[in-house]
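> Sequence and predicted structure, then a few things I'm wondering about:
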Amino acid sequence: MKKDDFPQHDCGESDHGGDAFVNGGFNNWNMKARIRKHAGAINSAHCEAEGKYNMFIKPKTRIRESFASNSAQIKADYLARLSWSLKCARYLARQGLPFRGHNEKKDSKNKGNFRELVSWLAGNFEEVNRVVLDNVPSKCQMIDHKIQKELLAGCAHETSKLIIEELGDECFAILADESADAYQQEQLAL
């Protein structure tokens, strides 16, 4: 491609300050009219770039404000989705089953126990189907492995807290036992 193949637009001196900042330098900082000439009108490229910069540096809404502005239905759907994901995590943890599979892509035949359980619930219960998997934005499905780990960590924390409350000031012991498995690997059980 040659230079002439690109569309050209006129950037005359009437629109902005020209090439002063690039080629010759700008030394008339005390002349406000020159700076206004450089900035251009309200719809100039300079003003548009400045607006985008300000939006990037100082966003108008924070995450907390953005979440607070959501409708009650969106919040209810989010809590329902979180609740169903938590119920699936608790079930798998109680049964001692693994959460993830080897291939969790959409076209996989077995996506792992967690995703398969959520999918089964969605297929059998309309209230679940309404708030999970393909019926929600892809960034908020609550099925990612990081979310699964966080849900399980929350369950472990609550379980530990409950055990500590139940024990109170009483003494307790932790029993540890080790044995070799079929491959002569030492396994530790607490």
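That came through fine.

> Now the element after the lowest-mean-pLDDT helix or strand in the chain, going C-ward?
The least trusted helix or strand in the chain, going by mean pLDDT, DSSP states H and E, turns out to be helix 63-68, with a mean of 65. Reading on from helix 63-68 to the C-terminus, the next helix or strand found by DSSP states H and E is helix 72-95.

> need the strands for the chain, in chain order.
Ranges of strands in the chain, per DSSP state E, are 177-180, 186-189.

> Any idea which of those strands gets closest to residue 41?
strand 186-189 (73.1 Å; CB to CB). C-beta coordinates here come from the backbone N, C-alpha and C atoms, glycine included.

> contact partners of the closest one?
The list of residues contacting strand 186-189 from outside it, by CB atoms under 8 Å, 6 or more residues apart in numbering, reads 176, 177, 178, 179, 180, 181.

> Bridge partners for residue 189, pull those for me.
residue 177 (DSSP bridges).

> So for it, what's the pLDDT?
In the prediction, the pLDDT value recorded for residue 189 is 82.

> for residue 77, same thing?
83.

> Kindly reformat the strands of the chain as CSV containing mean neighbour count and distance to residue 127.
Formatted as CSV, the strands of the chain follow (neighbours: other CB atoms under 10 Å; distance: least, CB to CB, whole Å):
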stretch, mean neighbour count, distance to residue 127
strand 177-180, 8, 44
strand 186-189, 8, 40
